[in-house]
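Enquirer: Sequence and computational prediction follow.
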Amino acid sequence: GLLAPQDTPQALAHTPLLLLGASRDEPLRLRWLPRDPAGAAAASDGLVDVQGQVFSDDLDSLVGLARAGCGVVLAPDYSVRRQLAAGDLVDVLPRWQLPIPEGDCIQALTLPTPLAPESARAFVKFVAARLGANAPEGGISHA
C-alpha cells in the first residue's frame, strides 16, 4: 500500500526511493525545507541522505511504481497533481518541500532529419527572442 504522511524527511532514509535519472551507488543528500517555516518544528533538520532503489529516465514509470506501492517517487507537483487529487498517491511529506534547482540549459530538439521543419526553427527563434538577456549563461542550444 501507500506510505502514510510522515512528520520529517528523515522518514525517507529507510524508504525505497524511485528516482529520476541515472543510477548512483553513493547516497544522495537532500535538503528539505518546511512549507511553513513558522509551523515547522525547530529541532527538525530537513537534511537527509537517501539511497535510490529504482532509477529511470521515465517519470511516468516511476509514478506507476509508486502507485503500485513499490516506493516513494520524488516528482514535481505539477506532474502528479491529478493522482494526488484522486487519492492514487499520497504526499508523504505534506509539511515539507524539496527545492530543486532548475537546469541552466534549454534544449530545443527535433527529429534527426537534415532540415528541421520551418515551424521548429520559428519556435526556437521565438524562445531565443523571448529569453533575450535572461537566457542561461550557456545560451540556447538546439539540434
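Expert: Everything's here; your move. Numbering: from 1, shown residues only.
Enquirer: could you measure Asp49 against Leu93, distance?
Expert: 16 Å (C-beta to C-beta, to the nearest Å). Using the backbone N, CA and C atoms, a C-beta is placed for each residue, glycine as well.
Enquirer: out of the two, which sits in the more crowded spot?
Expert: Leu93 (19 against 12; other C-beta atoms under 10 Å).
Enquirer: Now do the same for the more buried one: its pLDDT.
Expert: At Leu93 the predicted local confidence, pLDDT, stands at 92.
Enquirer: Check Gly139 too.
Expert: For Gly139, pLDDT reads 44.
Enquirer: Give me the distance from the helix or strand encompassing Asp49 to the chain's centre.
Expert: For Asp49, the element it lies in under DSSP states H and E is strand 47-50. Once both centres are worked out by C-alpha atoms, centre = their mean, to the nearest Å, strand 47-50 turns out to sit 16 Å from its chain's centre.
Enquirer: The helix or strand following that strand pairs with which strands?
Expert: Next along the chain after strand 47-50, taking DSSP H and E as the criterion, comes strand 52-56. Partner strands and pairing direction for strand 52-56 (DSSP bridges) are strand 17-20 (parallel).
Enquirer: if we look at the strand it pairs with, which residues are touching it?
Expert: Applying C-beta atoms under 8 Å, 6 or more residues apart in numbering, the contact partners of strand 17-20 are 28, 50-57, 59, 62, 65-66, 70-75.
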